[in-house]
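Q: Sequence and predicted structure, then a few things I'm wondering about:
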Amino acid sequence: STIKADEIRLLNDDVLMSDGALTENVAFPAGHVIQVVSATNTTQHISSNLYTDQQWNDTGTNATITPKYTSSQIFILVRQSYFWQMPGAQGVGFRIYRDTTQITSENGFSTEYQDVGATGQNRKHGYTTLMVMDSPNTTSPVNYNVHGVWWASVPEGSEVIWQYGGWESESRIVLMEFSI
């Protein structure tokens with residue numbers, strides 16, 4: 001048997017589904033995952049801003065979600081790649097933004113840091129994971145994006161690249177909308 005319907009309504013005439021899409025009248029239990037959006041970034045970005053300039057570079061890692069409910073929370077999970085080549089002590093830091101608003105508390109270059117002395121060119125290719133829960137309080141599209149900054153004790157000759165080599169060191173962002 002097959003049941004076909006353009007609309008599903010409650011007895012009080014509230015529409016639950018119309019043209020195959022759930023409406024705002026559908027209530028999910030608290031903690032229910034409503035939708036998931038993910039994106040992969042393989043575009044190599046060379047970062048030219050040193051931490052002392054307080055210039056956070058857009059790494060290009062981003063995704064947009066349109067929350068179904070204003071009361072929803074969005075869980076943001078990021079796996080951001082980086083590569084550095086520099087002498088002395090060095091570090092990178094990352095922040096997550098909702099559109100242009102910073103929503104994580106990173107204020108420096110301490111997300112990943114190492115001090116291997118001041119001799120030679122030290123290289124590191126790695127990933128860092130960022131997680132945060134956000135309450136955007138909207139049903140309009142919201143873009144979550146990652147910005148990075150770097151620091152080096154000897155900045156001359158230093159280089160930092162997000163998504164070094166493109167596809168072989170991709171970054172990923174996952175957005176999950178939860179009901180409250």
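A: Perfect, thanks for sending it.
Q: pull the helix or strand with minimum mean pLDDT from this structure.
A: Within the chain, confidence by mean pLDDT, DSSP states H and E is lowest for strand 112-114 among all helices and strands, at a mean of 63.
Q: What's the first helix or strand after that strand?
A: strand 122-134 (DSSP states H and E).
Q: Return the list of helices and strands in contact with the next helix or strand after that following strand.
A: Downstream of strand 122-134, the first helix or strand assigned by DSSP H and E is strand 142-152. Applying 3 or more CB pairs under 8 Å, 6 or more residues apart in numbering; DSSP states H and E, one finds that strand 142-152 makes contact with strand 45-47, strand 57-65, strand 73-86, strand 90-98, strand 159-162, strand 171-178. No exception for glycine: its C-beta is placed from N, CA and C like everyone else's.
Q: what is the orientation angle of strand 142-152 with strand 122-134?
A: 150 degrees (axes from the mean of the first three to the mean of the last three CA atoms, to 10 degrees).
Q: Run the angle between strand 142-152 and strand 57-65 for me.
A: 160 degrees.
Q: where does the protein dip in pLDDT?
A: 48-54, 88, 107-121, 154-155 (pLDDT under 70).
Q: can you rerun that using 80?
A: 22, 24, 47-55, 84-91, 106-124, 150-159, 166-168 (pLDDT under 80).
Q: Need the helices and strands packed on strand 142-152 in TSV (columns: distance to residue 125 and mean neighbour count).
A: Shown next, in TSV, are the helices and strands packed on strand 142-152 (distance: least, CB to CB, whole Å; neighbours: other CB atoms under 10 Å):
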stretch	distance to residue 125	mean neighbour count
strand 45-47	14	17
strand 57-65	15	19
strand 73-86	5	21
strand 90-98	12	22
strand 159-162	9	22
strand 171-178	13	20
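Q: closest one to residue 32 among these?
A: strand 171-178 (6.9 Å; CB to CB).
Q: Run through the neighbouring helices and strands of that closest one.
A: strand 33-41, strand 57-65, strand 73-86, strand 142-152.
Q: That strand pairs with which strands, parallel or anti?
A: strand 33-41 (antiparallel), strand 73-86 (antiparallel) (DSSP bridges).
Q: Outside of that strand itself, which residues are in contact with it?
A: With contacts defined as CB atoms under 8 Å, 6 or more residues apart in numbering, strand 171-178 is touched by 31-41, 59-63, 65, 67-68, 72-81, 127, 144, 146, 162-163.
Q: which stretch among the helices and strands packed on strand 142-152 comes nearest residue 20?
A: strand 171-178 (19.0 Å).
Q: Good, we can wrap up now.
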